[in-house]
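[1] I would like the atomic coordinates for the input below:
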Amino acid sequence: MAIDMNVHELLVINDADLLIHEVLVEWVVKNPKITQYVQYIRNLCKRFHKIEFRYSPTTHNELDDALTTIASMIENPDADYIDPLYIEVKEHQVHYSHVEAEPDGLPWYFDIKKCFETGIYPKNATSNQKKSIRHMALNFFLKGEMLYRKTPDLGLLRCVDATKLQSFWNK
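    Numbers count the residues shown, from 1 in each chain. The predicted structure is shown next:
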């Protein structure tokens, strides 16, 4: 597909460390069943100006899963060009599990939902706050009026505000 799209530089992330080393001619191919496969990949590599292979253990394939999800959601009218996707990887993950109070009376997810619906950020939001909203929004999607959070195991959590949750528990 990359060749058909005239891609000149390619980063290949794979969980097959052995295959990567064999393709890069760092290790000798000993398995006769994959000799032709490795040679075919080497020939394909010659068609790129720059190609890089990076090993990622199967247990660390969150990026692969996320990119697959994103790619399945994007409709690009121009099949000949795809905008580059820039990804910033944070060193430490942050998890929020419960919000005690909503002092402004708005649901905790209000800014994310409003950004989805209108593309508008809060009035006095700094560029860092806007960036934070965009970053958080990557884990959410809007279906009709309902906002959902995607979990790492591809589950969905429905976003509810504290007042609706409280009235639910009081029933």
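[2] residue contacts, F141?
    F141 is in contact with 116, 147-148, 150, counting by CB atoms under 8 Å, 6 or more residues apart in numbering. For the C-beta atoms, the positions are set from N, CA and C on the backbone; glycine is no exception.
[3] Surely it is within a strand?
    Yes. Secondary structure of F141 (DSSP: H, G, I helix; E, B strand; the rest coil): part of a strand.
[4] Report the beta-bridge partners for it.
    For F141, the beta-bridge partners are Y148 (DSSP bridges).
[5] Would you mind measuring from it to L10?
    29 Å (CB to CB, to the nearest Å).
[6] okay, the closest residue in space to S56 that isn't next to it in sequence: pLDDT?
    Spatial nearest neighbour of S56, chain neighbours left out: I13 (5.0 Å); criterion: CB to CB, 6 or more residues apart in numbering. Looking at I13, its pLDDT reads 80.
[7] I13: neighbour count?
    Neighbour count for I13, taken as other CB atoms under 10 Å: 15.
[8] got the buried residues for the host helix or strand of it?
    Using DSSP states H and E, the element containing I13 is strand 9-14. Buried residues in strand 9-14, counted by 16 or more other CB atoms under 10 Å: L10.
[9] before we move on, what about stretch 138-146?
    By 16+ other CB under 10 Å, the buried positions in stretch 138-146 come out as F140.
[10] Also stretch 128-136?
    133, 136.
[11] Run through who's touching it.
    Identification of contacts with stretch 128-136 by CB under 8 Å, 6+ apart yields 111-112, 115, 121-122, 125.
[12] Can you classify I51 as helix, strand or coil?
    Classification of I51 by three-state DSSP places it in strand.
[13] which residues touch it?
    Contacts of I51 were listed using CB under 8 Å, 6+ apart, and they are 9-12, 45.
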